[in-house]
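S.K.: Got a sequence here, can you model it:
(one chain, ligands or ions: 1)
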Amino acid sequence: MSAATTRSRTPDRLCAEAVDLARAAAEETAAPGVVGEHVSLVSEGDRVVTHFFECKEPGYRGWRWAVTVARASRAKNVTLDETVLLPGPDSLLAPEWVPWSERLRPGDLGPGDLLPTEAEDLRLEPGYAGEDVPPPKSAIEETSHDLAERVEAEDAELTDRTPAETATNARGSIAAVAEELGMRRARVLSRYGLHVAADRWEESFGAKTPMAQAAPAPCVTCGFLLPLTGSLGQAFGVCANEFSPADGRVVSLSYGCGGHSEAAVMPKPPQPPVPVFDSLAPDVFPLHPEREGSVPEGALQDADLGHS
Ligand code: SF4
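M.R.: Sure thing, here's the model as predicted:
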């Protein structure tokens, strides 16, 4: 028998010696020739021992055939319990399985894919809380109940529906009005949902990004910024500059890029200075400079006075 390892308790002697029985069981289960040397054995309990054999399958390097044998109390016969292929300490294992909901990454969703949102998703909360329902037996409840009954009865007279059918609409409630206006949504963003969205956008298109650090001015002063309504509008907007890396994305008001509407305003052409006249009289040039000295004195005086 090869070198044996034991747990805290001493393995049963007859079970430990049943290596041939264990090997025969392993070879019966495995393909021919893939059961290698006896590697070790462990005591699983009283008269229960597991024998390990090397697995020679190329794809299962480090795995071991584990054959468990046992013996009844006072019996001399060792019997077979089970045979399995188990990974050893150095075996190559597949990564731990992760549920798809945890594996999903932003951008994984493709056309036609459905991504169910959990009922307890922290990012969402009910769109209306039913707070418009008055307390039971209150004056408001009784008045509104009477009013609702009358409205339903009138409605039932004008339509084919019974009062019971019309009652399901809870006329006059905030939910019914919101539904009529097309505003009703079963769930809306919770405070937590708002925060995580804001953090995500700030990280991608916020003031700390290299693009914003090098921008000539922030988005809040840019003509391409579309404002958002709601509380997030105080910190974010949507970029509508097709040449910006943030086109169509939610950007922080302190983000910015080189496409800022006022970044490269064309300079106006320089205006020439107003001409300066130092004399209103014409200058006289002699026709024959060599005879300059022969110009009559009266003529020069006339020229200086602008009468020539
Ligand atoms: S163009 Fe640049 S500066 Fe203007 S809104 Fe878009 S990202 Fe902000």
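S.K.: In this protein, what residue spans correspond to strands?
M.R.: Taking DSSP state E as the test, the strands found in the chain are 35-45, 48-55, 63-71, 78-87, 124-126, 187-189, 225-227, 236-239, 250-252.
S.K.: quick one: strands adjacent to the fifth one?
M.R.: For strand 124-126, the paired strands and their directions (DSSP bridges) read strand 187-189 (antiparallel).
S.K.: Which of the residues in the strand it pairs with are classified as buried?
M.R.: Neighbour-count burial for strand 187-189, counted by 16 or more other Cβ atoms under 10 Å, picks out Leu189. Yep, even glycine has a C-beta here, placed from its N, CA and C like the rest.
S.K.: Out of the strands of the chain, which is closest to the ligand?
M.R.: strand 236-239 (3.2 Å; Cβ to the nearest ligand atom).
S.K.: hmm, back to that, to Pro270, which of the strands of the chain lies closest?
M.R.: Across the strands of the chain, Pro270 has its closest neighbour in strand 225-227 (32.4 Å, Cβ to Cβ).
S.K.: Direction included, what does the closest one pair up with?
M.R.: By DSSP bridges, strand 225-227 pairs with strand 236-239 (antiparallel).
S.K.: Residues in contact with the strand it pairs with: which ones?
M.R.: With contact meaning Cβ atoms under 8 Å, 6 or more residues apart in numbering, strand 236-239 is reached by 198, 201, 205, 219-220, 222, 224-228, 246-253.
S.K.: okay, Ile140: pLDDT?
M.R.: Here, the pLDDT recorded for Ile140 equals 48.
S.K.: Could you give the separation between the terminal residues of stretch 252-263?
M.R.: End-to-end distance of stretch 252-263: 18 Å, with Cα to Cα, to the nearest Å as the criterion.
S.K.: is the ligand contacted by that stretch?
M.R.: Yes - counting by Cβ under 6 Å from any ligand atom, the ligand has neighbours in stretch 252-263: 255-257, 259-260.
S.K.: The ligand contacts on this structure?
M.R.: Selection of the chain residues close to the ligand by Cβ under 6 Å from any ligand atom yields 219, 222, 224-225, 239, 241, 244, 246, 251, 255-257, 259-260.
S.K.: ok, so what distance separates the residue nearest to the spatial centre of the chain from Trp63?
M.R.: Against the mean C-alpha coordinate of the chain, by Cα atoms, centre = their mean, the closest residue is Pro106 at 4.4 Å. To Trp63, Pro106 is 37 Å away according to Cβ to Cβ, to the nearest Å.
S.K.: what's the neighbour count on the nearest residue to Gly256 once chain neighbours are set aside?
M.R.: Once flanking residues are discounted, Gly256 sits nearest to Ala215: 2.9 Å by Cβ to Cβ, 6 or more residues apart in numbering. Ala215 has 20 neighbouring residues, counting by other Cβ atoms under 10 Å.
S.K.: I'd like the numbering to begin with 504 instead of 1 from here.
M.R.: With the count now opening at 504, the last piece we talked about shows up as Ala718.
S.K.: I'd say Ala718 and Ser757 touch.
M.R.: No - using Cβ atoms under 8 Å, Ala718 is not in contact with Ser757; the gap is 9.6 Å.
S.K.: how about TSV for the strands of the chain, with mean pLDDT added?
M.R.: Converted to TSV, the strands of the chain look like this (pLDDT from 0 to 100):
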stretch	mean pLDDT
strand 538-548	93
strand 551-558	95
strand 566-574	95
strand 581-590	94
strand 627-629	87
strand 690-692	87
strand 728-730	96
strand 739-742	96
strand 753-755	97
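S.K.: Columns distance to Trp603 on top of the ones you listed, output as a markdown table?
M.R.: Below are these laid out as a markdown table (distance: least, Cβ to Cβ, whole Å):
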| stretch | distance to Trp603 |
| --- | --- |
| strand 538-548 | 37 |
| strand 551-558 | 31 |
| strand 566-574 | 28 |
| strand 581-590 | 25 |
| strand 627-629 | 20 |
| strand 690-692 | 22 |
| strand 728-730 | 36 |
| strand 739-742 | 31 |
| strand 753-755 | 27 |
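S.K.: And the ones you listed: which comes nearest Pro775?
M.R.: Checking the strands of the chain against Pro775 by Cβ to Cβ gives strand 728-730 as the closest, at 38.6 Å.
S.K.: Just give me how far that closest one sits from the chain centre.
M.R.: Chain-centre distance of strand 728-730: 22 Å, with Cα atoms, centre = their mean, to the nearest Å.
S.K.: same deal with stretch 551-570?
M.R.: 44 Å.
S.K.: got the end-to-end distance for that stretch?
M.R.: The first and final residues of stretch 551-570 sit 11 Å from each other (Cα to Cα).
S.K.: ok, now stretch 724-735?
M.R.: End-to-end for stretch 724-735, by Cα to Cα: 17 Å.
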